[in-house]
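Undergrad: Pasting the sequence and the predicted coordinates here, then a few questions.
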Amino acid sequence: MSRASRLRTSFFAALVACSYLPAAADESAPRLERVGRYASGLDADAEIVATQVSTGRALLTLSKGHLVDVLDVTTPSAPKRVARHALPAHGDEELTCVSFHPTQDWFLAVMNNKDARTKGRLLAVDATKGTVLAEYATGYAPDAVAFSPDGRVAVVADEGEWTWRAEDGFHSMPGSITCVDLSAGPVGGKATTIALPDITGRTGVTSAACKRTVEREIDGKAEDVPLLGGVPEELEPENVAFSPDGTRAYVTLQENNAILVVDPREARIVDVWGLGTTTHATDATEDGKVDFSQQLVALREPDGLATSPDGRFVITADEGDTDPKASKTKAPFPTGGGRTVSVFRAADGTLVGDTGNGIDEGAVDCGTYDDTRSDSKGAEPEGIVAFASGGRTYAVVGLERAAAVALIGLDAEGHPRVLGCYALGEGSKAPEGLALLERDGVVHVLVANEKSGDMTVFRFVN
């Protein structure tokens, strides 16, 4: 069957003439199989999933009600809820992320205050009872948290995103990183918030010359706020991933097109990587047909990131977040969002390679590509996880605007290639957070679907 014949009905007529045909399926090749689903009972807001492999449990956030569902996933194909905790909120707070301690019966939850000038909170919560064990102050607008592999330290990405207008222009509170020493347990934890450096002028980061803006709601109205440089007020930490040995944490600066390298135990920033641009063929026009014949030049702007199990590579999901859209971008200015998965050497941030247009092509192949997104970041790779199997490294990335996940294979040198794309099915949509779970030697990927309020479980078959 041709790739065009598997597209959604609204694009069928236009795609019959498309000359791109997928490779024949190889049943012996590595692939993902959808094996399970958990329905929260809510129709939206399932954003983050976190696992505790040692007990076969998972956490699923339901952000609207500050809810965290604790799931038994010892049988991954049949997740069961064992508890639902409503976290205490102060004023206009939102729950943005959770992370499960690797072995102990508690988790961390990020509470972001929508008042731009009020710092956020990090809660340590008993996973069985739902009681708050401890509370730590973070920076402004905390968005993500991750435990080190040994559970002795955690890192929070404080996005500092909220913006307001003053007589001299737009302003926001500065982004920051909060490191929490948990070696003495949650009650004895100590939080340290790190100020970010000025990265203006660094190669590969977003600058005024890129002519980028970010959309913010100010006084009830959407405004395009210009990104003028790399001052701390404009830096927006997004997501966190640890090295396997826990000595480094990597933090994406999505809107700034960079990665911070953090020493979590000493609570200091040791490096900044500018991520540059990707150039590849794409469909950059919303016109009811898919034609991958246009050239995309884009800042990568990653959201999620992961490290390879051997610690050699940092792998990013290049979603994008700045404007103008591809259809409005005129040379020589880049657009926002690589539509790629990129691989960097963990030792120094050197680019190994990216997937080019493979992700959008994969979404077409599995029948979930939405042409209305062609001029605006495509399928939008967002959350990502990485694992090893059979001596090879793989990554799975959620495609927020394509209701699917993509399986990426890395060769021995780290070069990535899209191996397949798999629909969420069952009306699930907008995959946000991903987590890994290994049971009886089999790798499973749990996917939190923001717009449908559920979680999908995939099994890796090799």
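TA: Received the coordinates, thanks.
Undergrad: Strands of the stretch 351-462 of the chain, start to end?
TA: Here the stretch 351-462 of the chain has its strands, by DSSP state E, counting those that start in this stretch, at 351-354, 381-389, 392-399, 404-410, 416-423, 431-439, 442-449, 454-461.
Undergrad: quick one: contacts for residue 78?
TA: Each residue near residue 78 by Cβ atoms under 8 Å, 6 or more residues apart in numbering is listed here: residue 36. No exception for glycine: its C-beta is placed from N, CA and C like everyone else's.
Undergrad: Show the pLDDT at the nearest residue to residue 340 once chain neighbours are set aside.
TA: Computed as Cβ to Cβ, 6 or more residues apart in numbering, the closest residue to residue 340 that is not its neighbour in sequence is residue 354, at 4.1 Å. On the pLDDT scale, residue 354 is placed at 98.
Undergrad: pretty sure residue 354 is touching residue 317, no?
TA: No - at 10.8 Å, residue 354 does not count as touching residue 317 under the criterion of Cβ atoms under 8 Å.
Undergrad: Highest mean neighbour count out of the strands of the stretch 351-462 of the chain?
TA: strand 392-399 (a mean of 27; mean count of other Cβ atoms under 10 Å).
Undergrad: re the thing from before, show me the one of the strands of the stretch 351-462 of the chain that comes nearest residue 286.
TA: strand 392-399 (17.3 Å; Cβ to Cβ).
Undergrad: Does anything pack onto the closest one? Which helices or strands?
TA: strand 313-318, helix 358-365, strand 381-389, strand 404-410, strand 416-423, strand 431-439, strand 454-461 (3 or more Cβ pairs under 8 Å, 6 or more residues apart in numbering; DSSP states H and E).
Undergrad: Can you list the helices and strands that the fifth one packs against?
TA: Going back to what we said before, that points to strand 416-423. Judged by 3+ Cβ pairs under 8 Å, 6+ apart, the packing partners of strand 416-423 are strand 31-39, strand 340-345, strand 351-354, helix 358-365, strand 392-399, strand 404-410.
Undergrad: right, so of these, which gets closest to residue 49?
TA: strand 31-39 (9.3 Å).
Undergrad: Name the surrounding residues that touch the helix or strand just after the closest one.
TA: Downstream of strand 31-39, the first helix or strand assigned by DSSP states H and E is strand 46-52. Here strand 46-52 makes contact (Cβ under 8 Å, 6+ apart) with 40, 57-63, 73, 96-103, 107, 127, 432-437, 446-450, 452-455.
Undergrad: got the angle between strand 46-52 and strand 442-449?
TA: Strand 46-52 runs at 150 degrees relative to strand 442-449, counting by axes from the mean of the first three to the mean of the last three Cα atoms, to 10 degrees.
Undergrad: pretty sure residue 42 is touching residue 64, no?
TA: Yes - using Cβ under 8 Å, residue 42 is in contact with residue 64, at 7.4 Å.
Undergrad: how about residue 399, what does it touch?
TA: Residue 399 is in contact with 359, 363, 368, 379, 380, 381, 382, 405, 406, 421, 431, counting by Cβ under 8 Å, 6+ apart.
Undergrad: okay, now the first one: neighbour count?
TA: To tie it back to what came earlier, the one meant is residue 359. The number of residues packed near residue 359 is 29, by other Cβ atoms under 10 Å.
Undergrad: Start at 21, not 1
TA: Sure, I'll start counting at 21 from here, so that last one is residue 379.
Undergrad: give me every residue that touches it.
TA: Residue 379 sits in contact with 359, 360, 361, 398, 399, 401, 417, 419, 426, 438, 441, where contact means Cβ under 8 Å, 6+ apart.
Undergrad: Need the max-distance pair from the residues you listed.
TA: It's 360 and 441 that sit farthest apart of the contacts of residue 379, by Cβ to Cβ, at 13.9 Å.
Undergrad: Next, the contact list for residue 192, please.
TA: For residue 192, the contacting residues are 136, 180, 181, 182, 183, 184, 253, 254, by Cβ under 8 Å, 6+ apart.
Undergrad: do the same with residue 225
TA: Going by Cβ under 8 Å, 6+ apart, residue 225 touches 219, 250, 273, 276, 277, 278, 292, 294, 295.
Undergrad: And the pLDDT for it?
TA: So, for residue 225, pLDDT stands at 97.
Undergrad: any idea how far residue 278 is from it?
TA: According to Cβ to Cβ, to the nearest Å, residue 225 stands 5 Å off from residue 278.
Undergrad: Show me whatever sits in contact with both of these two.
TA: 219, 250, 292, 294, 295.
Undergrad: Among these, which one lies nearest to residue 210?
TA: residue 292 (25.2 Å).
Undergrad: wouldn't the closest one be in contact with residue 282 here?
TA: No - counting by Cβ under 8 Å, residue 282 is not a contact partner of residue 292; they are 10.3 Å apart.
Undergrad: Each with direction, which strands does the helix or strand residue 117 falls within pair with?
TA: Assigning secondary structure by DSSP H and E places residue 117 in strand 113-120. The pairing partners recorded for strand 113-120 under DSSP bridges are strand 126-133 (antiparallel).
Undergrad: For the partner strand, buried residues please.
TA: Neighbour-count burial for strand 126-133, counted by 16 or more other Cβ atoms under 10 Å, picks out 126, 127, 128, 129, 130, 131, 132, 133.
Undergrad: Using CSV, lay out those together with distance to residue 142 and pLDDT.
TA: Converted to CSV, these look like this (distance: Cβ to Cβ, whole Å; pLDDT from 0 to 100):
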residue, distance to residue 142, pLDDT
126, 12, 98
127, 11, 98
128, 6, 98
129, 7, 98
130, 6, 98
131, 7, 98
132, 10, 96
133, 12, 93
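Undergrad: Can you tell me which of those residues is closest to residue 262?
TA: Nearest member of those to residue 262, counting by Cβ to Cβ, is residue 128, at 13.5 Å.
Undergrad: show me what contacts that closest one?
TA: Residue 128 sits in contact with 118, 119, 121, 142, 143, 144, 145, 165, 167, 174, 200, where contact means Cβ under 8 Å, 6+ apart.
Undergrad: switch the cut-off to 6 Å
TA: Listed by Cβ atoms under 6 Å, 6 or more residues apart in numbering, the contact set of residue 128 reads 119, 142, 144, 165, 174.
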